[in-house]
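Engineer: Fold the following and give me the result.
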Amino acid sequence: IGVYAFKGCTSLTSITIPNSVTNIGDSTFWGCSSLTAIDVEVGNNNYTSVNGVLFNKDKTELICYPAGKTDKSYNIPNCVTNVGGWAFDGCASLTSITIPDSVTSIGESAFSGCSSLASITIPDSVMSIGNDAFHECSSLTSITIPYSVTSIGDYAFLGCSRLTAIDVNTDNKDYTSVNGVLFYNDKTIICYPAGKKGNNYKIPDGVTSICRYAFSGCTSLTSITIPDSVTCIGDSAFNGCTSLTSITIPDSVT
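Structural biologist: Modelled structure (predicted):
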């Protein structure tokens, strides 16, 4: 079954995967907003399903939680090590998702569009968080990055309009947070939470780079001070900063 095979089939409510299927492409069920169950025939050697949720055969990867399921909470099984790309994409009913200590990887856009998700705990087992992992999680107010995380993909928190703080465990060797703002190695500002209160922000001295979309959607900010240490400003860094009336780019920026 190819990539995006059922993309945008908004009236589809259920589907059965026969035992002949050996491969299901990425984002196969993207945008299937009414899909409540993906069932796999018992004889399939590559995939399985539990209560309508699609997994690989040994249940180490959660592939797709149907976007049309109406449950408010979901506990990812303890056998799962990888939350696959787009696994919970568009699951607007879920307010709570529990990630077990077995999970080491959160895939690209894994929780994208989970607009009712108010809180989530990332366990210390997680090492990587993919691009757009929490994109458009518009009810999420805070999140903590454990010490184990060594990689956070681009735009992981883009569109999280109520996010007020991204906190990082102090033992993390790659990432840090200062007053809820996420940095990489103290030199790169990755994300200023879009829901953070306050009109003015001074980027700390010593920061050399502002990531793509770092301040995207920060509608409260009227002033941002860029220090002379900054040499690079990423694409769309201040996208959607609708209250920002002026900004000074120092001579250090190349």
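
Engineer: what is the mean pLDDT for stretch 2-14?
Structural biologist: Stretch 2-14 comes out with an average pLDDT of 97.

Engineer: how about E41, what does it touch?
Structural biologist: Residues near E41 by Cβ atoms under 8 Å, 6 or more residues apart in numbering: T16, I17, P18, N19. Placement of C-beta: from N, CA and C, glycine included.

Engineer: do the same with N200
Structural biologist: The neighbours of N200, taking Cβ under 8 Å, 6+ apart as the test, are L221, T222, S223, I224, T225.

Engineer: okay, among the residues you listed, which ones form the most distant pair?
Structural biologist: T222 and T225 (11.6 Å; Cβ to Cβ).

Engineer: So these two - more neighbours on which side?
Structural biologist: Legend: neighbour count by other Cβ atoms under 10 Å for T222 and T225, higher for T222 (14 against 11).

Engineer: and the gap between the nearest residue to T208 once chain neighbours are set aside and T176?
Structural biologist: Once flanking residues are discounted, T208 sits nearest to K187: 5.0 Å by Cβ to Cβ, 6 or more residues apart in numbering. Here K187 is placed at a distance of 10 Å from T176 (Cβ to Cβ, to the nearest Å).

Engineer: rewinding a little: residues contacting the residue nearest to T208?
Structural biologist: Here K187 is in contact with G206, V207, T208, S209 (Cβ under 8 Å, 6+ apart).

Engineer: what about it, distance to G180?
Structural biologist: Taken as Cβ to Cβ, the span from K187 to G180 is 18 Å.

Engineer: try T98
Structural biologist: T98 is 23 Å from G180, by Cβ to Cβ.

Engineer: D101 contacts V126, doesn't it?
Structural biologist: No. In this structure D101 lies outside contact range of V126 using Cβ atoms under 8 Å: 9.1 Å.

Engineer: hey, what's in contact with both of those two?
Structural biologist: Residues touching both D101 and V126 by Cβ under 8 Å, 6+ apart: none at all.

Engineer: So for these two, which residue has more residues nearby?
Structural biologist: The neighbour count for D101 versus V126, taken as other Cβ under 10 Å, is higher for V126 (20 against 10).

Engineer: Next one, pLDDT for that one please.
Structural biologist: 98.

Engineer: That one: what's it in contact with?
Structural biologist: Contacts for V126 were tallied using Cβ under 8 Å, 6+ apart; they are I99, V103, T104, S105, I106, P146, S148, V149.

Engineer: As a markdown table, the residues you listed with secondary structure, neighbour count and pLDDT would be great.
Structural biologist: Shown next, in a markdown table, are the contacts of V126 (DSSP: H, G, I helix; E, B strand; the rest coil; neighbours: other Cβ atoms under 10 Å; pLDDT from 0 to 100):
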| residue | secondary structure | neighbour count | pLDDT |
| --- | --- | --- | --- |
| I99 | coil | 20 | 98 |
| V103 | coil | 21 | 98 |
| T104 | coil | 16 | 98 |
| S105 | strand | 19 | 98 |
| I106 | strand | 27 | 98 |
| P146 | coil | 17 | 98 |
| S148 | coil | 17 | 98 |
| V149 | coil | 20 | 98 |
